[in-house]
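Participant: sequence first, predicted model second:
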Amino acid sequence: AQKITQTQPGMFVQEKEAVTLDCTYDTSDQSYGLFWYKQPSSGEMIFLIYQGSYDEQNATEGRYSLNFQKARKSANLVISASQLGDSAMYFCAMREVGTGNQFYFGTGTSLTVIP
Amino acid sequence: DTGVSQDPRHKITKRGQNVTFRCDPISEHNRLYWYRQTLGQGPEFLTYFQNEAQLEKSRLLSDRFSAERPKGSFSTLEIQRTEQGDSAMYLCASKTAYNEQFFGPGTRLTVL
């Protein structure tokens, strides 16, 4: 089974609108971390936001927030007030603390912000 | 700039040749990861070092791939007898025990 599933290959959003990028994960560990990374066309992976499995509050970093629903095993990324520079690939990732140090990445969602 | 650096940024080689890539992590980061990313996919874990010790290696990694981190600082990834299927972006990332991974710009390998 896939550890990380991103079901939206491509998304479009109007500039200044909010957008939600979906991510579901699969783990039997109680302790794990969830990450979102942005990869612009230039190729570098840019860390956006982190959520620990024991964190009760949803993580927020500026315009990014993580909608963490533990029972549903989902960790959706919400980008508010989209900007043209947000156009990029977005990857959800997970690290299972108990089973080693591997990070598992999803297949990504390509976001295009329309002016 | 004190980020993760990788060298070379691009490498074109002929099938059957050996290639070696270098990664210089952020200096205080004791953990180092190598990933491979093909077009349209997310990064795929290859191997992990904590200081100079290679603690994990993907089962998907063939024995043509070897990685070292001899002094716990920079790391090298060598691919022997390259195949066309090895064409990909090779990403290096580093971290401490407590923070997120910081990625380098990657080395794009093309095997002709």
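Facilitator: Yep, that arrived.

Participant: can you pull the pLDDT of whatever residue of chain B ends up closest to chain A?
Facilitator: The nearest approach of chain B to chain A comes at residue B:42, 3.3 Å away (Cβ to the nearest Cβ). Every residue, glycine included, has its C-beta placed from N, CA and C. You'll see residue B:42 listed with a pLDDT of 94.

Participant: what of residue A:98?
Facilitator: 73.

Participant: surely it and residue A:27 touch.
Facilitator: No: here residue A:98 does not reach residue A:27: they are 9.2 Å apart, not a contact under Cβ atoms under 8 Å.

Participant: give me the more crowded residue out of these two.
Facilitator: Between residue A:98 and residue A:27, residue A:27 has the larger neighbour count (other Cβ atoms under 10 Å in any protein chain shown), namely 19 against 10.

Participant: which helix or which strand is home to the more buried one?
Facilitator: Assigned by DSSP states H and E, residue A:27 belongs to neither a helix nor a strand.

Participant: quick revisit: if I look at the closest residue to the residue of chain B closest to chain A other than its chain neighbours, how far off is residue A:59?
Facilitator: In space, and not counting its chain neighbours, residue B:42 is closest to residue A:105: 3.3 Å by Cβ to Cβ, 6 or more residues apart in numbering or on different chains. In this view, residue A:105 and residue A:59 are 18 Å apart by Cβ to Cβ, to the nearest Å.

Participant: enumerate the residues of chain B near chain A.
Facilitator: For chain B, the residues in contact with chain A (Cβ under 8 Å from any Cβ of the partner chain) are B:31, B:33, B:35, B:40-45, B:48, B:50, B:55-56, B:58, B:89, B:91, B:93, B:100-106, B:108.

Participant: and the nearest residue to residue B:30 once chain neighbours are set aside, how many neighbours?
Facilitator: Nearest non-adjacent residue to residue B:30, counting by Cβ to Cβ, 6+ apart: residue B:51, 5.2 Å away. By other Cβ under 10 Å, the residues close to residue B:51 number 12.

Participant: model confidence for residue 82, exactly?
Facilitator: Defaulting to chain A. Note on residue A:82: pLDDT of 97.

Participant: you answered for a different chain; I wanted chain B.
Facilitator: For residue B:82, pLDDT reads 97.

Participant: tally of neighbours for the closest residue in space to it that isn't next to it in sequence?
Facilitator: Once flanking residues are discounted, residue B:82 sits nearest to residue B:111: 4.7 Å by Cβ to Cβ, 6+ apart. Here the number of neighbours of residue B:111 (other Cβ under 10 Å) works out to 19.
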